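Colleague: I would like the atomic coordinates for the input below:
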Amino acid sequence: MSLQDSIINHFTDNIQTQQDSMAALCELIEYAAQRLVNCLLNDKKILSCGNGRSATSSQLLACLMLDQFERDRPSLPVIALGADAITLSAVANHHHFDEVFAKPLRSLGQSGDILVAYSDGQHCANIAKAINAAHDKDISVIAITGNHGGMLAPMLKETDIEIRVPAFSSARIQETHVLITHCLCDLIDQQLFGSNL
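Modeller: This next block holds a predicted model:
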């Protein structure tokens, strides 16, 4: 296989995953965006977390909400847990890496907030602990997953939402997580600030 064939395969696989996700997830993404808007309208905040490449999606959500998605508008309260390397390494050193999201969530999270947890379906004990901590504080969860939902899917309550990308490749799942994040940001902006002019 040539290098260009590899590139074409990546694009083709990505397009197929995006189409499958569009067919399967539109209603869930819309519902999740409405839940996030209700959270913000009630003067609550969004907390997000993810490991490795999923951390980039978590931090992307915070960035786009705190600054802007595609237009200038007031900042919205989103905290990416684990984005502070000093705190993350301190918690991992003094306690356990499984606590890097749960410990700050216990401190910063309040009833009525929402946790957006990103995972590509791999083992993620620290995200599982964050979900347990969220449930303990009456914080609902939007899990953006892939594969078979991994260890997170069975943990979710009826009041939680799982947006599961119908793919098994971590790369395809991560790419789709970015698109889902963009959709959420756009729908939040539309509902809070009106349609783009």
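Colleague: by contact count, what packs against the lowest-mean-pLDDT helix or strand in the chain?
Modeller: Within the chain, no helix or strand scores below helix 85-94, which has a mean of 84 by mean pLDDT, DSSP states H and E. With contacts defined as 3 or more C-beta pairs under 8 Å, 6 or more residues apart in numbering; DSSP states H and E, helix 85-94 has these neighbours: helix 102-108. Backbone N, C-alpha and C define where each C-beta goes, glycine included.
Colleague: show me what the helix it packs on is in contact with.
Modeller: Residues outside helix 102-108 that contact it (C-beta atoms under 8 Å, 6 or more residues apart in numbering): 47, 49, 79, 81-82, 87, 91, 95, 115, 126, 129-130, 132-134, 136-137, 139.
Colleague: next helix or strand past the helix ranked longest in the chain?
Modeller: Ranked by residue count under DSSP state H, the longest helix found in the chain is helix 3-41. Following helix 3-41 in sequence order, the next helix or strand is strand 46-50 (DSSP states H and E).
Colleague: give me the pLDDT value at residue 196.
Modeller: The model reports residue 196 with a pLDDT of 63.
Colleague: relative to residue 114, how far out is the closest residue to residue 73 other than its chain neighbours?
Modeller: Once flanking residues are discounted, residue 73 sits nearest to residue 193: 5.1 Å by C-beta to C-beta, 6 or more residues apart in numbering. For residue 193, the distance to residue 114 equals 19 Å [C-beta to C-beta, to the nearest Å].
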